[in-house]
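> predicted coordinates and the sequence they were generated for:
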Number of protein chains: 2
Amino acid sequence: MILAGGAGTRFWPAGRRARPKQLLPIASKQSMLVETLERCAELAPPENTFVITNEIQVEATRQQAPQLPAANVVAEPSMRNTAAAIGAAAVLVEARDPEGVMIVLPADHSIRPREDFVRCYRAAAARAASNDVLLTVGIRPTGPATGYGYIEGGDKLSEVDGHAVHQVKSFKEKPDAKTAAEFIATGSYFWNAGTFVWRASVLRHAFAQHLPGHAKVLDEIADQLRGGAKLSEDVYGKFENVPIDIGVMEKADNVEVIPASFQWDDVGSWLAIDRLNPRDEEGNVVRGTHVGIDTSNCIVFSKDHVVATVGVSDLIIVHTPDATLICPKSHAEDVKKIVAELKARGLDQHT
Amino acid sequence: MILAGGAGTRFWPAGRRARPKQLLPIASKQSMLVETLERCAELAPPENTFVITNEIQVEATRQQAPQLPAANVVAEPSMRNTAAAIGAAAVLVEARDPEGVMIVLPADHSIRPREDFVRCYRAAAARAASNDVLLTVGIRPTGPATGYGYIEGGDKLSEVDGHAVHQVKSFKEKPDAKTAAEFIATGSYFWNAGTFVWRASVLRHAFAQHLPGHAKVLDEIADQLRGGAKLSEDVYGKFENVPIDIGVMEKADNVEVIPASFQWDDVGSWLAIDRLNPRDEEGNVVRGTHVGIDTSNCIVFSKDHVVATVGVSDLIIVHTPDATLICPKSHAEDVKKIVAELKARGLDQHT
């Protein structure tokens, strides 16, 4: 179950409402969705691989996932947050096999190397297949980041193919800097990357216990799907807007975490380009035609268009047919302000 | 006689080989050639106004000068510097009136206000009409610039409609900084803006005295034109490559200078945009759609394309359909290096 939504604001102007991060060749020369599908091909065959997206992105998503049955690329009728999307996904799995193991992954994370990813999730799936638990794969923090939620790990319960399985004591929302530093100091906290492994039936049971409102809507959806209908707004729209972390994971007492054995990057802004792509001799990461004189440590994205720079450094420069961004790396987080400003000015066609 | 050539490298990517500075709306929202023609309309009727350009620019030049007879936009068969171009222009004038007064002006200078320009050149024309002299209009230096040639003024010889006429003691090539400062200190030096006023017959006489090789080619051209032919490369190509300042003005002893009574700017690089155009509240000069957040003192040129900036200042950003420039103002002089690099890479189509 690949969750592929997103607003496309942090990677504007390459990212747009109808073409967000996961559909772009940002972390490598392939789109992140294509990379994710290639990784997942070693975990499940195409007919058991689903992509959950939204109406505006569904066509572009199907184009990038030609190996999947078209029906496996599912558009949410409306945005109702992760509890709804993942719950609906569980219904899809249950319809095929109530004891089927689900792996839930975002489409827009960069993960390397692939072998470690595959081994890690196979271990998690093995654990979930034979235990009534809600598993998450936690990322070992590389610093006291304030941009992620944290998972507090507890006792080690087991080990599967060299992967430790820990009890989860609590989920923490994005902390302030001081709290993040305290988390890191304990050595037992992980970043919450929003990836989960469980049997569909175990998740449905957790919904019944902790989110009965959702559970009721999920029953309706199961009826709809048995009748051959698709997800519809009149039912889907009944979901409350709740993230699965808060709605289910924080409340459940059968949650476990496996520390990730792979390198992970959430590709949160244009700065990720620097971390994930090779640089040239001047430290520039270039896609397209760039003529640079005294130009260093820049990110230049273009296509069939000459971007020429003289005497600049540490800039993000992104050219697209209708819009160009120029932004110092230090302001990468402010790119979404541009999108807000475009909307405020009635220039939505460029967002 | 408006001299309109130029390589278009300093204003790349707006400026191109076939569309150099004078054809662009740089100093205002009109092209510099259109502004020049409007200024000159008060000095001479269209049938007596000529534009000397080159083959690659002649069509675009005619399009911007629809009020002139097409034959008055003349393409030099090849580049042979200003002595050749101005000499050939004198032959054109002589064919109509041997005692006709010629005013020679570049097409790519910004001059304000127009009234002062008109009064100044009328005074110069009156002086030239009744005296066998080679007049130049000199610009009062605003600082010890090293980018211009200088004219050393001598005794005041006359005054015409409030405009002093000085003897010229010498022409000086572009000086070093120390020499420029010495020039300025004397108070009697002017910048050489390459504008001249004289009777065609007086100039032809000066050619005969000081550039006899040119004089001979000019005789051949006069024969060609009398026969109804156009300027041709087989004759024009015989000219040596000599600027008129060095070939004629420095050698002649009947040279006079009238100090300009108008504001003058040679629009030498993108920095001129700042001096000549109004800025917005953040100090930006913008043409086109610009979405700027924390953006100040930038020059943004675009058209039907969104240029978005966050957290930048003092940048020159120019978007054209096939190429975009990003360059700090401090590197404006290096823009021509980009053009050289494009040529070196075989990307001439973008120059």
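Everything's here; your move.
> could you use CA atoms for every contact and neighbour count after this?
Fine.
> I'd say A:Ala332 and A:Leu271 touch.
Yes: counting by C-alpha atoms under 8 Å, A:Ala332 does reach A:Leu271; the two are 6.7 Å apart.
> more crowded one of the two?
Between A:Ala332 and A:Leu271, counted using other C-alpha atoms under 10 Å in any protein chain shown, A:Ala332 has the larger neighbour count: 21 against 17.
> next to chain B, which bits of chain A? Give me the list.
Within chain A, the positions near chain B by C-alpha under 8 Å from any C-alpha of the partner chain are A:291-293, A:304-312, A:321-328, A:331, A:334-335, A:337-338, A:341-342, A:350.
> filter those residues to the buried ones?
A:291-293, A:305-312, A:323-328, A:331, A:334-335, A:338, A:341-342, A:350 (16 or more other C-alpha atoms under 10 Å in any protein chain shown).
> which ones among these lie within helices?
Using DSSP state H, the members of those that fall within helices are A:Val335, A:Ile338, A:Glu341, A:Leu342.
> can you add pLDDT and give those back as TSV?
Shown next, in TSV, are these (pLDDT from 0 to 100):
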residue	pLDDT
A:Val335	96
A:Ile338	97
A:Glu341	97
A:Leu342	97
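> for A:Cys120, state which of those residues is nearest.
Distance to A:Cys120, by C-alpha to C-alpha, is smallest for A:Val335 among those, at 34.3 Å.
> hmm, A:Gly15 and that closest one touching each other?
No: using C-alpha under 8 Å, A:Val335 is not in contact with A:Gly15, being 10.7 Å away.
> parallel or antiparallel, list what pairs with the strand of greatest length in chain A.
Criterion DSSP state E: the longest strand present in chain A is strand A:299-313. Looking at strand A:299-313 with DSSP bridges, its partner strands are strand A:285-296 (parallel), strand A:315-319 (parallel), strand B:323-328 (parallel).
> mind putting these into a markdown table with mean pLDDT and distance to A:Val267?
A markdown table is the format used below for the strands paired with strand A:299-313 (pLDDT from 0 to 100; distance: least, C-alpha to C-alpha, whole Å):
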| stretch | mean pLDDT | distance to A:Val267 |
| --- | --- | --- |
| strand A:285-296 | 96 | 15 |
| strand A:315-319 | 98 | 15 |
| strand B:323-328 | 98 | 26 |
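> what helix or strand is the residue of the stretch 1-150 of chain A found nearest chain B on?
Per C-alpha to the nearest C-alpha, A:Pro13 is where the stretch 1-150 of chain A lies closest to chain B, at 9.0 Å. A:Pro13 is part of no helix or strand, with elements assigned from DSSP states H and E.
> list the contacts for it?
A:Val318, A:His319, A:Thr320, A:Ala323, A:Thr324, A:Leu325, A:His350, A:Thr351 (C-alpha atoms under 8 Å, 6 or more residues apart in numbering or on different chains).
> repeat that for A:Lys230.
By C-alpha under 8 Å, 6+ apart, the residues touching A:Lys230 are A:Gln224.
> distance check, the nearest residue to A:Thr49 once chain neighbours are set aside against A:Gly8.
Excluding its sequence neighbours, the residue lying closest to A:Thr49 (C-alpha to C-alpha, 6 or more residues apart in numbering or on different chains) is A:Met1, at 6.1 Å. Computed as C-alpha to C-alpha, to the nearest Å, the A:Met1 to A:Gly8 distance reads 20 Å.
> and the two? which has more neighbours close in?
Between A:Met1 and A:Gly8, A:Met1 has the larger neighbour count (other C-alpha under 10 Å), namely 26 against 22.
> which pLDDT value belongs to that one?
On pLDDT, A:Met1 comes in at 96.
> still on that earlier bit, what touches both of A:Val335 and A:Gly15?
What both A:Val335 and A:Gly15 touch, as defined by C-alpha under 8 Å, 6+ apart, is the set A:Thr9.
> look up how far A:Lys21 lies from the residue nearest to A:Thr49.
From A:Met1 across to A:Lys21, the span is 18 Å (C-alpha to C-alpha).
> wait, isn't A:Thr289 in contact with A:Thr309?
No: A:Thr289 is beyond contact range of A:Thr309, at 11.2 Å (criterion: C-alpha under 8 Å).
> the spatially most central residue of chain A bridge partners, please.
Centroid-nearest residue in chain A: A:Pro106, 2.7 Å away (criterion: C-alpha atoms, centre = their mean). According to DSSP bridges, the partner residues bridging A:Pro106 are A:Leu3.
> dump the residue contacts of it.
A:Pro106 neighbours (C-alpha under 8 Å, 6+ apart): A:Ile2, A:Leu3, A:Ala4, A:Gly194, A:Thr195.
> distance-wise, check it relative to B:Ala260.
The span separating A:Pro106 from B:Ala260 equals 70 Å under the rule C-alpha to C-alpha.
> ok, now A:Phe239?
Distance, A:Phe239 to B:Ala260, using C-alpha to C-alpha: 78 Å.
> one step back: of the strands paired with strand A:299-313, which is nearest A:Ala83?
A:Ala83 lies closest, by C-alpha to C-alpha, to one member of the strands paired with strand A:299-313: strand A:315-319, at 34.6 Å.
> helix or strand with the lowest mean pLDDT in chain A?
helix A:271-276 (a mean of 91; mean pLDDT, DSSP states H and E).
> give the buried residues for that helix.
The neighbour-count check on helix A:271-276 (16+ other C-alpha under 10 Å) flags A:Leu271, A:Ala272, A:Ile273, A:Asp274, A:Leu276 as buried.
> outside of that helix, which residues touch it?
Residues contacting helix A:271-276 (C-alpha under 8 Å, 6+ apart): A:Ile26, A:Ala27, A:Ser28, A:Asp265, A:Val267, A:Val285, A:Ile299, A:Lys329, A:Ala332.
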